[in-house]
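In: Just the structure for this:
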Amino acid sequence: MSNLLFILFHLFFTPESKPVAERWIIDKNSVFTIEGKSNVAPFKCQTVQYLNRDTITIFRDNNPNTAFTFGGGLKVMIRWFDCEQQVMTKEMWRTLREKEKPEMKINLIQVGRFKKSGEKVLGVVEVELAGVTKRFEIMFEVGNPSPHSLSFSGIRKLSFSDFRLKPPNKLAGLIKVEEDIMVKFKISLRAAG
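Out: Residues are numbered from 1 along each chain as shown. Predicted coordinates:
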């Protein structure tokens, strides 16, 4: 009986430890790539470097069964995407509605617990593109989890229709892009301070 009272006392009266908040800066080496296919050839649109100085906060607690949660995110300017052909680049900007919504916002929501480089963990991100916001699960690969640097790499199949967009076409519709695209990314972080 005394053991049961001891357990109940600790369940209800032991204060929970607060998560530790760590601030990280998004590094300029972060890369985002969109790959797709047309009826003529495959294409790739990629950012060269991440030019904003955004920060995110990772909240870690002592419970080994809970995922790490995040605050903050990234803002990727649509004009940062280069498709290696001027016509295709401008068509992609037009398709992603760059003039009305010039940035894509990516908020990291949570990532499974990790301890070492190369681990694969399930995460959740929220993407806002062309005025539409969607949540997606993504399998992340963790890179170099040290006190000063960290990265998350991943790949996710998306569709233009997920964001109420129509695939680009050029040359009066002679070249048509398929609905599905692969989005690849590497988010590199460095410790703030």
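In: so where's this protein shaky on pLDDT?
Out: The model of the chain has pLDDT under 70 over residues 1-17, 145, 170-174.
In: Strands of that one, start to end?
Out: For the chain, strands defined by DSSP state E occupy the ranges 20-26, 31-37, 42-47, 55-60, 68-77, 81-82, 103-111, 120-129, 132-143, 149-159, 169-170, 175-176, 180-191.
In: Now do the buried residues in the fourth one.
Out: What that stands for is strand 55-60. For strand 55-60, burial by neighbour count (16 or more other CB atoms under 10 Å) applies to Ile56, Ile58, Phe59. For glycine as for every other residue, the C-beta is placed from the backbone atoms N, C-alpha and C.
In: Likewise for the first one?
Out: By neighbour count, with 16+ other CB under 10 Å as the criterion, the buried positions of strand 20-26 are Glu22, Trp24, Ile25, Ile26.
In: and the gap between the residue nearest to the second one when sequence neighbours are not counted and Met182?
Out: It refers to Trp24. Distance criterion CB to CB, 6 or more residues apart in numbering; nearest residue to Trp24, sequence neighbours excluded, is Leu189 at 4.0 Å. Going from Leu189 to Met182 by CB to CB, to the nearest Å gives 23 Å.
In: Comparing the two, which residue is more hemmed in?
Out: Higher neighbour count among Leu189 and Met182: Leu189, with 23 against 14, using other CB atoms under 10 Å.
In: check contacts around the residue nearest to Met88 when sequence neighbours are not counted.
Out: Leaving aside its chain neighbours, Met88 sits nearest to Phe43 (5.9 Å; criterion: CB to CB, 6+ apart). Applying CB atoms under 8 Å, 6 or more residues apart in numbering, one finds that Phe43 lies in contact with Glu35, Gly36, Lys37, Cys83, Glu84, Gln85, Met88, Val177.
In: Count residues in the vicinity of the closest residue to Asn144 other than its chain neighbours, would you?
Out: Among residues not flanking Asn144 along the chain, Ser117 sits closest, at 5.3 Å (CB to CB, 6+ apart). Using other CB under 10 Å, the number of residues around Ser117 comes to 13.
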